[in-house]
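no sequence for this one, just the structure:
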C-alpha cells in the first residue's frame, strides 16, 4: 500500500465515529420531547381514574381538562347557591305567589317604604297624590328603583306642562296690558283695579277665581268689567274692594318688573320727576312691587 492510500484510510477511520455521534445527538432531543408530551398527556388524564365511573361520564367531568377545572366549577356553583332563589313567574300563579316574587325582587313591604321625591319650582305633588301613586306602584310590584323612575317621568311631564301653561299665561297677560295701555293711557292702572273689583263684586269668590284664571288676560273682558266697575262707584263696599284689588298676578308682576328694569324709556320716566309720564311710571312701579310680594 502506498503512503497516500495509507493516509486516506486513516482519515476515513477517524471520521466515522464523529458522524455517528452527530447523528445520535440530532435525533435524541426529538425522542425526549415526544416522550415528555406523552407523559404529560397521560398525567392530565390520571385524575379521572380517581373518580367513580358513574360520575366520570358526566359532561362536566369528562370535558374538564384537569382537576382545576372541576375546582372552578365547584366554586362557581357555591356562589350561585349562596344567592336567594327567585322562581320565574308562572301562568298559574296565585296572588300569594306574586307577592312573594315581588318582595324578593325589591318591593317595599308597605307603600310607606317608597321614597317619591321630586324637586321643582313649577309643580308640587300633594301627599294624597303620592299615596295614590304609591298604592299603584305597590300593587304592580315595583321596586324602589322602578317606582322612582316612573315617578320622575310623571313629575317631569307635569312640570313641563305647568311651565308651558305659566309661560303662555304670562305672554297673554303681557300682551293684554300692552293693548290696554295704548287705549287707556294714564287711566290704565285705575281701570285695571275697577275691572278686578267688579269681577269680585259681581261673582262669588270661587267663580271669580275661575273666570280670572281662564279669561283674566282677555282685553275685551277687562274693558267690560272696568265699565261695570264705573257704574258701581256709588257702592261703599265696592269702593273698599277697589282699594285692595289688583288685576295682575305675582308671577306676571315679577316678570314685568324684570322687563321694565331694562326699558330705558320707563326708567327715564321713573327717575325723572319732570317727565310727563313720571306719575304713571311711579304708580305702576309701586303697584307691581306690591303684587309681586303678595
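Good, I have the coordinates. This one's a predicted model, so the numbers in the text were calculated from it and none came from an experiment.

Report the separation between residue 73 and residue 63.
10 Å (CB to CB, to the nearest Å). All C-beta spots, glycine's among them, are computed from the backbone N, C-alpha and C.

And the helices in the stretch 101-250 of the chain?
127-139, 144-184, 188-202, 205-215, 219-230, 236-243, 250-261 (DSSP state H, counting those that start in this stretch).

more neighbours, residue 73 and residue 63?
residue 73 (13 against 8; other CB atoms under 10 Å).

Just give me the neighbour total for the spatially closest residue to the more buried one that is not a sequence neighbour.
The shortest distance from residue 73 to any non-neighbouring residue, by CB to CB, 6 or more residues apart in numbering, is to residue 60 (6.1 Å). Neighbourhood size, residue 60 [other CB under 10 Å]: 11.

pLDDT score for residue 60?
pLDDT for residue 60: 77.

care to break the chain down by domain?
24-80, 95-162, 248-294 (automatic domain parsing).

Among these, which comes closest to residue 194?
Counting by CB to CB, residue 194 lies closest to domain 248-294 out of the domains of the chain; the figure is 13.8 Å.

Count the residues that sit near the closest residue to residue 135 other than its chain neighbours.
In space, and not counting its chain neighbours, residue 135 is closest to residue 111: 5.5 Å by CB to CB, 6+ apart. The number of residues packed near residue 111 is 18, by other CB under 10 Å.

OK, contacts around residue 111?
By CB atoms under 8 Å, 6 or more residues apart in numbering, the contact list for residue 111 reads 131, 134-135, 137-138.

With neighbour count and pLDDT added, can I get the residues you listed in CSV?
As requested, the contacts of residue 111 are exported to CSV (neighbours: other CB atoms under 10 Å; pLDDT from 0 to 100):
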residue, neighbour count, pLDDT
131, 15, 90
134, 21, 91
135, 12, 92
137, 22, 92
138, 19, 91
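
I'd like to know which of the residues you listed is nearest to residue 198.
Using CB to CB, those come closest to residue 198 at residue 131, 41.5 Å.

how near is the closest one to residue 164?
Taking CB to CB, one finds residue 131 at 27 Å from residue 164.

ok, now residue 66?
68 Å.

for residue 227, same thing?
Counting by CB to CB, the gap from residue 227 to residue 164 is 33 Å.

Also residue 105?
Applying CB to CB to residue 105 and residue 164 gives a distance of 37 Å.

what does residue 63 give?
Residue 63 is 64 Å from residue 164, where distance means CB to CB.
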